[in-house]
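In: Just need the structure, nothing else, for what follows:
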Amino acid sequence: MKKILLIDDDLKNSMLLKRFIEAEGYEVTYAPNGETGLEIYNKTHPDLILLDINMPGMNGFEIAKTIRNNDRRVLIFFLTDRTDKVDRLYGFKLKGNDYVPKPFYPEELIAKINERFDSGFTNQDVEYKLGDTVFRPNLSTLTYNGETHSLSVRQTEILSILAANLGKVVDRDTILNTVWGDSSYANSLALNVQITYLRKQLDDPSVNITSLKKKGYILSTS
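Out: Numbers count the residues shown, from 1 in each chain. Here you go, the predicted model:
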């Protein structure tokens, strides 16, 4: 059973969220502040930390920084009403895996959690240098020219396959069967959409995803 640590000083909403997540089959431990959260983290070694930023005493950014100094494995989702660009960028700089703005629907968060744990790239501490872009699959981020973009798990999986085969043609069916489990027409259309999104996210002009008719895709740098 995957273990989740929820650190948030909003007791009422945290208890509701805790019950929602537990109903999905996860083991959830709650901490009302950063200091207690760190103590529980050291004792339980959770797989995921759901971390509020605005808390009295030690805030979420400080907690994440302390944990990341020693642990690159654990997933960290920031849950916060601080949605300014500078805060999001700092959250990713601290190696946060997701940044979920409040208010949010519990179902939305659970979908993100399920998707992340279902992914084969959850704990891979791998980094790809693509031109002037840095792709970090375990964080689902692209960083170029000081800007960091977050990717969905599907996009991360697709780009990871292409990056691992840089300069080589990757067959469409290989991507479809690896990411979706089959090469149905509906999934093929979904792949087209995700490739289009990835191209938009790759701001670096030296990085390209080229479509080869009836063959597949090739990720290249110039």
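In: hmm, who's touching the helix or strand of the chain with the lowest mean pLDDT?
Out: Averaged element by element with mean pLDDT, DSSP states H and E, the chain has its least confident helix or strand at helix 85-93 (a mean of 79). Outside helix 85-93, the residues that touch it by CB atoms under 8 Å, 6 or more residues apart in numbering are 53, 61, 64, 78, 80, 99, 139, 141, 143, 147-148, 150. From N, CA and C alone the C-beta is placed, and that goes for glycine too.
In: mind giving me the domain split of the chain?
Out: 3-118, 128-221 (automatic domain parsing).
In: okay if I get those domains as TSV plus mean neighbour count?
Out: Formatted as TSV, the domains of the chain follow (neighbours: other CB atoms under 10 Å):
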stretch	mean neighbour count
domain 3-118	17
domain 128-221	16
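In: Helices of the chain, residue ranges please.
Out: Along the chain, the stretches classed as helices by DSSP state H are 11-22, 34-44, 60-68, 85-93, 106-118, 153-164, 172-179, 185-201.
In: quick one, the last one and helix 172-179 angle?
Out: For helix 185-201 against helix 172-179, the angle between stretch directions is 90 degrees (axes from the mean of the first three to the mean of the last three CA atoms, to 10 degrees).
In: Packing partners of helix 185-201?
Out: Contacts of helix 185-201 with other secondary structure elements, assessed using 3 or more CB pairs under 8 Å, 6 or more residues apart in numbering; DSSP states H and E, are made with helix 153-164, helix 172-179, strand 207-212.
In: Give me the contact list for it.
Out: With contact meaning CB under 8 Å, 6+ apart, helix 185-201 is reached by 142, 149, 151-152, 154-155, 158-159, 172, 175-176, 179-180, 209, 211, 217.
In: on that earlier part again, between the helices of the chain, which has the poorest mean confidence score?
Out: For the helices of the chain, mean pLDDT drops lowest on helix 85-93, to a mean of 79.
In: That one to helix 60-68, inter-axis angle?
Out: Using the same axes, to 10 degrees, helix 85-93 lies at 10 degrees relative to helix 60-68.
In: picking that back up, can you redo the helices of the chain as CSV with distance to S222?
Out: Rendered in CSV, the data for those read as follows (distance: least, CB to CB, whole Å):
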stretch, distance to S222
helix 11-22, 45
helix 34-44, 44
helix 60-68, 34
helix 85-93, 26
helix 106-118, 33
helix 153-164, 15
helix 172-179, 23
helix 185-201, 15
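In: Using JSON lines, please lay out the helices and strands packed on helix 185-201 together with distance to Y128.
Out: Conversion of those to JSON lines gives the following (distance: least, CB to CB, whole Å):
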{"stretch": "helix 153-164", "distance to Y128": "4"}
{"stretch": "helix 172-179", "distance to Y128": "16"}
{"stretch": "strand 207-212", "distance to Y128": "10"}
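In: Give me the spatial nearest neighbour of G167, chain neighbours excluded.
Out: With CB to CB, 6 or more residues apart in numbering as the criterion, G167 has its nearest non-adjacent residue at 5.7 Å, and that residue is S220.
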